[in-house]
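[1] Sharing a sequence plus its predicted fold:
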Amino acid sequence: DGTGSTQNPFHVYNTPGAYTVILTVTTSDGCTNTITMPNYINVFANPVAEFAAGPQPTTILDPNICFTDQSVNADVWNWSFGDIANSSSTLTSPCFAYSDTGCFDIVLTVTTVNGCVDTVVHPICITPDYTMFIPNTFTPDGNGVNDVFIPKTSGIDLSTFEMWIFDRWGNMIYYTEDLTKGWDGKVQGHDNIAQIDTYVYKIRCKDYLDIKHQYIGHVNLIK
């Protein structure tokens with residue numbers, strides 16, 4: 001795998017295997033001597049850590065994640081599941097049930113019988129279960145109780161939320177893309193509260209599994 005002509009050469013072996021080293025020395029008079037060391041250098045293959053995880057994405061209702069090892073040249077596996085309890089496993093392809101929502105860094109470290117090591121890290125996410133509760137009445141009278149019409153949700157992708165409010169003639173009187181800013185009863189941001197009546201809402205959003213949801217219904221404004 002190459003030659004050298006210095007007294008103390010340095011050589012990089014790029015391919016795993018056993019290599020025979022041959023040293024030939026020559027005097028200034030041209031006399032030579034050779035020594036052969038069969039299989040003197042052993043280069044071991046490095047492992048490559050890799051894995052797949054599923055189901056992804058998933059919710060807290062299905063929190064059991066199975067990890068499939070895809071490593072090369074691995075003989076020993078050490079998994080860290082990234083939860084608060086610092087759970088781990090030495091199985092080749094383990095499964096783990098998460099007890100809480102969140103995103104977790106999964107660390108797989110593989111080792112060969114010769115002690116060569118590689119590590120890979122991939123995130124997985126457990127999202128809240130999707131729910132949507134929409135009240136049918138609110139009272140924007142300023143007493144601090146039920147003053148704002150706003151849905152109560154979980155498991156929603158906040159960037160996809162939209163809500164429209166229409167009067168009985170189909171005129172849009174309120175719109176928001178901010179789930180924290182419900183309808184306070186005012187028409188197009190004016191100071192006056194809308195009259196007592198039944199109004200139509202339309203709500204659109206996606207959950208963390210990228211499933212679309214739409215709701216159309218009625219809400220009663222009472223003073």
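    Alright, I've got the coordinates. Residues are numbered from 1 along each chain as shown.
[2] just the helices in this protein please.
    Applying DSSP state H to the chain gives no helices.
[3] Relative to the centre of it, find the outermost residue for me.
    Using C-alpha atoms, centre = their mean, the residue of the chain lying farthest from its centre is Asp29. It sits 70.2 Å away.
[4] Look at that residue and report its pLDDT.
    Asp29 carries a pLDDT value of 90.
[5] how is this protein carved up into domains?
    Using automatic domain parsing, the domain parsing of the chain gives 1-43, 51-127, 131-221.
[6] before we move on, back to that, can you tell me how far the residue farthest from the centre of the chain is from Ile22?
    21 Å (C-beta to C-beta, to the nearest Å). No exception for glycine: its C-beta is placed from N, CA and C like everyone else's.
[7] Same check on Thr131?
    Applying C-beta to C-beta to Thr131 and Ile22 gives a distance of 74 Å.
[8] Isn't Thr111 up against Pro47?
    Yes. Under the criterion of C-beta atoms under 8 Å, Thr111 makes contact with Pro47 at 6.9 Å.
[9] Identify the contacts common to these two.
    Counting by C-beta atoms under 8 Å, 6 or more residues apart in numbering, the residues touching both Thr111 and Pro47 are Ala74, Asp75, Val117.
[10] count of neighbours near the closest residue in space to Asn42 that isn't next to it in sequence?
    Leaving aside its chain neighbours, Asn42 sits nearest to Ala18 (5.3 Å; criterion: C-beta to C-beta, 6 or more residues apart in numbering). For Ala18, the neighbour count with other C-beta atoms under 10 Å is 10.
[11] What of Tyr175?
    Counted with other C-beta under 10 Å, Tyr175 comes out at 13.
[12] now Val107
    16.
[13] next one: Ser88
    Neighbours around Ser88, by other C-beta under 10 Å: 14.
[14] again with Ile156
    As a burial measure, Ile156 scores 20 neighbours (other C-beta under 10 Å).
[15] ok, it touching Leu209?
    No. Applying C-beta under 8 Å, one finds Ile156 not in contact with Leu209, separated by 10.9 Å.
[16] quick revisit: am I right that the residue nearest to Asn42 is in contact with Met37?
    No. Ala18 sits out of contact with Met37 when judged by C-beta under 8 Å, with a separation of 10.9 Å.
[17] Tell me who's in contact with Thr176.
    Glu162, Met163, Gly182, Trp183.
[18] try 10 Å this time
    Ile150, Phe161, Glu162, Met163, Trp164, Ile165, Gly182, Trp183 (C-beta atoms under 10 Å, 6 or more residues apart in numbering).
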